[in-house]
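1. Everything below, folded, please.
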Amino acid sequence: MFRAKFKEAVICFSNPRVTLPYPFGPGAELPEGFRGKITVDQTRCIACGGCANVCPSRLIRFYDEGERTRMEFILDRCTYCGRCAEVCPEQAITMTLEFENSTDHKEDLYIEQELYMATCARCGRCFETENAIDKIPVRRHREGRNFVGPSMPHGGPRPRQRE
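-> Below you'll find the predicted structure:
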């Protein structure tokens, strides 16, 4: 028993540092294929809904509101499985190398985007418009002297409504 303890002490003293000084120093390099926080490129998204269908946490939601489609990403539920990025046909969803997602504000883990969807005259299916002006999200507009709409630029999480 004394011999085993002696071997263990030799191993410990031969490698004085076994942990990284993170967050006070550089951390380990992230491996290739690391899956961090997701980002959504609105200019590439065609609102097909494939990402919402494969998300096991159901954090991606689509709402068809006439000619507009509103997308919600509630990232505090994300398990970083990367299925949404794998199925996206336009590579609009990417997994970044960001892994420090702790925040005091829940709005930081919420993405809301709107797409203008034109309707095909032949088949009636929606498609993304080519006009760049239509892609500008309209959140706040003026009715008379007052502004109407949410004041946050990306919107905040909506309270759940009980049925």
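
2. switch to C-alpha atoms for all contacts and neighbour counts from now on
-> OK.

3. Pull out the buried positions in the longest strand seen in the chain.
-> Across the chain, the longest stretch assigned as strand under DSSP state E is strand 110-119. Buried positions in strand 110-119, judged by neighbour count with 16 or more other C-alpha atoms under 10 Å: 110-118.

4. And stretch 31-44, by the same measure?
-> Across stretch 31-44, burial judged by 16+ other C-alpha under 10 Å covers 35-38, 40, 42.

5. Mark which of those residues are part of strands, please.
-> Residues of the buried residues of stretch 31-44 located in strands (DSSP E): 38, 40.

6. want to throw the buried residues of stretch 31-44 into CSV with distance to residue 84?
-> Written out in CSV, the entries for those read as follows (distance: C-alpha to C-alpha, whole Å):
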residue, distance to residue 84
35, 11
36, 13
37, 12
38, 9
40, 10
42, 14
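
7. Max pairwise distance over the buried residues of stretch 31-44: which two?
-> Using C-alpha to C-alpha, the buried residues of stretch 31-44 span at most 19.8 Å, a distance reached by 35 and 42.

8. Run through who's touching stretch 79-92.
-> The contact list for stretch 79-92 (C-alpha atoms under 8 Å, 6 or more residues apart in numbering) reads 35-38, 40-46, 50-52, 54-55, 57, 93-95.

9. hmm, try it at 7 Å
-> 35-36, 40-42, 44-45, 50-51, 54-55, 93-95 (C-alpha atoms under 7 Å, 6 or more residues apart in numbering).

10. Just the terminal-to-terminal distance for that stretch.
-> Its start and end residues considered, stretch 79-92 measures 19 Å (C-alpha to C-alpha, to the nearest Å).

11. So which of the contacts of stretch 79-92 is the closest to residue 20?
-> Proximity of the contacts of stretch 79-92 to residue 20, judged by C-alpha to C-alpha, is greatest for residue 36, which lies at 19.9 Å.

12. middle-most residue in this protein, spatially?
-> With distances taken as C-alpha atoms, centre = their mean, the residue of the chain nearest its centroid is residue 38 (3.7 Å).

13. That one: what's it in contact with?
-> Applying C-alpha under 7 Å, 6+ apart, we find residue 38 in contact with 93-96.

14. Can you tell me which of these are classed as buried?
-> If we count by 16+ other C-alpha under 10 Å, the contacts of residue 38 have these buried: 93-95.

15. rewinding a little: how about TSV for the contacts of stretch 79-92, with distance to residue 2 added?
-> Listed next are the contacts of stretch 79-92 as TSV, based on distance: C-alpha to C-alpha, whole Å:
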residue	distance to residue 2
35	45
36	46
40	59
41	61
42	64
44	65
45	65
50	61
51	58
54	56
55	54
93	57
94	54
95	50
